[in-house]
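In: quick one, what's the 3D model for this:
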Amino acid sequence: MNVSKTNIVEYCFGQAVDRTAIATIFSVAAFSAVYISSLYNTDIVPLLVNTTQGGVVVLPLLAAAYYYHKNRGALVAFLMVFAPLYAAFIRLVELGNISPSPLREAVVEAVPLTLLFAVPITILSIGLALVYGRFSTN
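Out: Numbering: from 1, shown residues only. Presented below is the predicted three-dimensional model:
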């Protein structure tokens, strides 16, 4: 099996450039929508409950699974999951339980927490896409 630079780029970003661009725009739009909507909810408990009830988790999971099934871009699928979760966790860290953090500190402090959730969800979405591809009757 030959591994070339083209194969690695296709595995990371996908086979079709137009679908990669649409997925990236989706990620930026999801980040913006989640962060802006969280600005109007200043209580941390409902924000945490809304984040974990699935609105921020299930839709990116399904979108990343669909993208990976159609285009096979693992890095862009990860970005589709990471972006909305990162926006929610920035706001959660910014509000804080004990003392609020400024935005510049919250941006850095939210990365490990987001990775803790985004990596398994991305693995699950890629697995879901592979299982669907294996058992679908296209």
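
In: roughly how far apart are the residue nearest in space to the middle of the chain and H69?
Out: For the chain, V81 is the residue whose C-alpha lies nearest the centre (CA atoms, centre = their mean; 1.3 Å). From V81 across to H69, the span is 15 Å (CB to CB, to the nearest Å). Bear in mind the C-beta positions are built from the backbone N, C-alpha and C, glycine included.

In: kindly report the same for I22.
Out: In terms of CB to CB, I22 sits 14 Å off from H69.

In: remind me which residues of the chain are low pLDDT?
Out: Where the chain drops to pLDDT under 70, the residues are 1-6, 41-56, 97-100, 137-138.

In: which residues of it fall in helices?
Out: Taking DSSP state H as the test, the helices found in the chain are 5-13, 17-39, 44-52, 58-71, 74-95, 103-135.

In: and the ones you listed, which is most packed in?
Out: Highest mean neighbour count among the helices of the chain (mean count of other CB atoms under 10 Å): helix 74-95, with a mean of 24.

In: show me what that helix is packed against.
Out: For helix 74-95, the packing partners by 3 or more CB pairs under 8 Å, 6 or more residues apart in numbering; DSSP states H and E come out as helix 5-13, helix 17-39, helix 44-52, helix 58-71, helix 103-135.

In: how about 6 Å then?
Out: If you count contacts as 3 or more CB pairs under 6 Å, 6 or more residues apart in numbering; DSSP states H and E, helix 74-95 packs onto helix 17-39, helix 58-71, helix 103-135.

In: could you give the angle of that helix to helix 5-13?
Out: With axes from the mean of the first three to the mean of the last three CA atoms, to 10 degrees defining the directions, helix 74-95 sits at 40 degrees from helix 5-13.
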